[in-house]
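1. Curious how this folds, go ahead:
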Amino acid sequence: MKISKLIPIIAFLAINPGQAQNRVFIPDIKGYKTLQCDFHTHTIFSDGTVWPTVRIDEAYREGLDAISITEHIYQVEGIVREQDNLYEGRRRLLELERLSDISFRGLSHNISYELAQPSAKERNIILIRGSEITRDMPPGHHNAIFINNSDELVKHDFMDAFRAAKAQNAFFFWNHPGYLRQSPDTTLWWPEHTLLQQQGMMQGIEVANGDTYCVEAHRWALEKKLTLIGSSDIHAPMPNLAAGQHRTMTLVFAKERTAESIHEALKERRTAVYFNEYVIGEEKYLKELFESAVDINVTRTGNTAQIRLTNKSDLIFLLKSASHDARLLYFRNTYLEPVTIAPQGTFTISVRLNDGITGGDVNFSVDNFLIEPNRGMRFTVRI
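-> Have a look, this model is predicted:
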């Protein structure tokens, strides 16, 4: 089947390619570029509802650096479980077959990547080849990205599928561990997950998927030293996002803006998850991100000090006072807690030094910079 034959019948699946970019500005950190990535998306070639090039158009519109289109690969080639009511993409392909003389049966699992790659090159989007190894629990759904050939992952036994991806130097992560269809009562870590991790086939985990944050996944990422992943898992068309809005994504702290650097950063766990107003990650990277995003200016007059925080980014910061010397008075008006520093906004912390002290540590937590579940990053300004 020639791809050119598809063009006349898929116009209704496209979005306007001329739309301007609306990138959320997140600064680089010391020694690394901050890349905005989504490693879990779907198209009409599994259970999504859009053509592969649409995912590139959306990524361009939102100013993303990299995406992966990860179509489902089931236990046996060609399985469609109609009762799951998830296969809108398959229904649309059948409709296209009816309207044309083109058969979509027997297509390679690489088709989404091949259709999207020319557009990705044109729009300077890093497109990473990947697939979703889809099984019941255990082990559930897992993405293998940075692979060379998705067709080789079609195996009856899930371990054979994982081994085939590992042979291609894949990076693996567990998708939506708290998925209610597979974990209706309790989100569990199964022996199969331990086996996968021991054999180098469980390197990351989705802490946030779409509009859902998984506390258990966050804890496991810390305990088991897994790379933190956030993904949209988008199936339908991505809605037009207003300025400052964003999809759930992975922030990758990469040496360069290349696929190879992204792969290296994922293996070294240099990531954070950007979910709603939250940034979830290791403390050292979140601290560097805060310091890159916020200018801090301290002025002093007598026994008072002013700490002016200027947010240069499109991130939001929610601040609360942390334990400190009681002779330092700040954040005294409780209705100001948590203090919100809006994107491109400023806030001044007024500090009063009592009982003759000449300085001290102004400690506060950035409550939406989560270094572990329910624990914000602590930050100190010395005066």
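2. Quick check: closest non-adjacent residue to residue 71.
-> residue 46 (3.8 Å; CB to CB, 6 or more residues apart in numbering). Placement of C-beta: from N, CA and C, glycine included.
3. can you count the residues close to residue 318?
-> Here the count is done by other CB atoms under 10 Å, and residue 318 has 17 residues near it.
4. List the contacts of it.
-> Residue 318 makes contact with 277, 338, 339, 340, 341, 366, 367, 368, 376, according to CB atoms under 8 Å, 6 or more residues apart in numbering.
5. what's the answer for residue 359, then?
-> 353, 382, 383.
6. so where is this protein shaky, pLDDT-wise?
-> Where the chain drops to pLDDT under 70, the residues are 1-20, 75-105, 180-185, 333-336.
7. any idea how it splits into domains?
-> Domain segmentation of the chain under automatic domain parsing yields 3-281, 295-382.
8. for this structure, what's the longest strand?
-> strand 361-372 (DSSP state E).
9. Return the list of helices and strands in contact with it.
-> Helices and strands touching strand 361-372, by 3 or more CB pairs under 8 Å, 6 or more residues apart in numbering; DSSP states H and E, are helix 215-223, strand 278-281, helix 283-293, strand 317-321, strand 346-353, strand 375-382.
10. just to revisit the earlier point, could I get the domains of the chain as CSV with distance to residue 287?
-> Shown next, in CSV, are the domains of the chain (distance: least, CB to CB, whole Å):
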stretch, distance to residue 287
domain 3-281, 9
domain 295-382, 6
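11. of all these, which gets the most neighbours per residue?
-> Ranked by mean neighbour count, the domains of the chain are led by domain 3-281 with a mean of 19 (mean count of other CB atoms under 10 Å).
12. need the helices for the stretch 101-250 of the chain, in chain order.
-> 111-123, 158-166, 191-198, 215-223 (DSSP state H, counting those that start in this stretch).
13. Residue 284 is nearest to which of the ones you listed?
-> helix 215-223 (13.3 Å; CB to CB).
14. and the closest one, how far out from the chain's middle?
-> 15 Å (CA atoms, centre = their mean, to the nearest Å).
15. Also compute the angle for it relative to helix 191-198, please.
-> Inter-element angle recorded for helix 215-223 and helix 191-198: 30 degrees (by axes from the mean of the first three to the mean of the last three CA atoms, to 10 degrees).
16. hang on, the earlier thing: output the helices and strands packed on strand 361-372 in JSON lines, with distance to residue 192 appended to each entry.
-> Output for the helices and strands packed on strand 361-372, formatted as JSON lines (distance: least, CB to CB, whole Å):
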{"stretch": "helix 215-223", "distance to residue 192": "14"}
{"stretch": "strand 278-281", "distance to residue 192": "25"}
{"stretch": "helix 283-293", "distance to residue 192": "30"}
{"stretch": "strand 317-321", "distance to residue 192": "38"}
{"stretch": "strand 346-353", "distance to residue 192": "48"}
{"stretch": "strand 375-382", "distance to residue 192": "30"}
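17. So residue 263: helix, strand or coil?
-> Following DSSP: H, G, I helix; E, B strand; the rest coil, the label given to residue 263 is helix.
18. mind listing what it touches?
-> Per CB under 8 Å, 6+ apart, neighbours of residue 263: 146, 171.
19. Can you tell me how far it is from residue 171?
-> 6 Å (CB to CB, to the nearest Å).
20. List the residues that contact residue 317.
-> 290, 293, 294, 309, 311, 340, 341, 366, 368, 369 are the contacts of residue 317 under CB under 8 Å, 6+ apart.
21. So in terms of bridging, what pairs with it?
-> residue 341 (DSSP bridges).
22. Minimum distance to residue 258: which of the helices of the stretch 101-250 of the chain has it?
-> helix 111-123 (13.4 Å).
23. what residues does that closest one touch?
-> With CB under 8 Å, 6+ apart as the criterion, helix 111-123 contacts 3, 43, 45, 51-53, 55-57, 59-60, 69, 71, 108, 125-127, 129, 150.
24. Can you tell me which of the contacts of residue 318 lies closest to residue 224?
-> residue 376 (22.4 Å).
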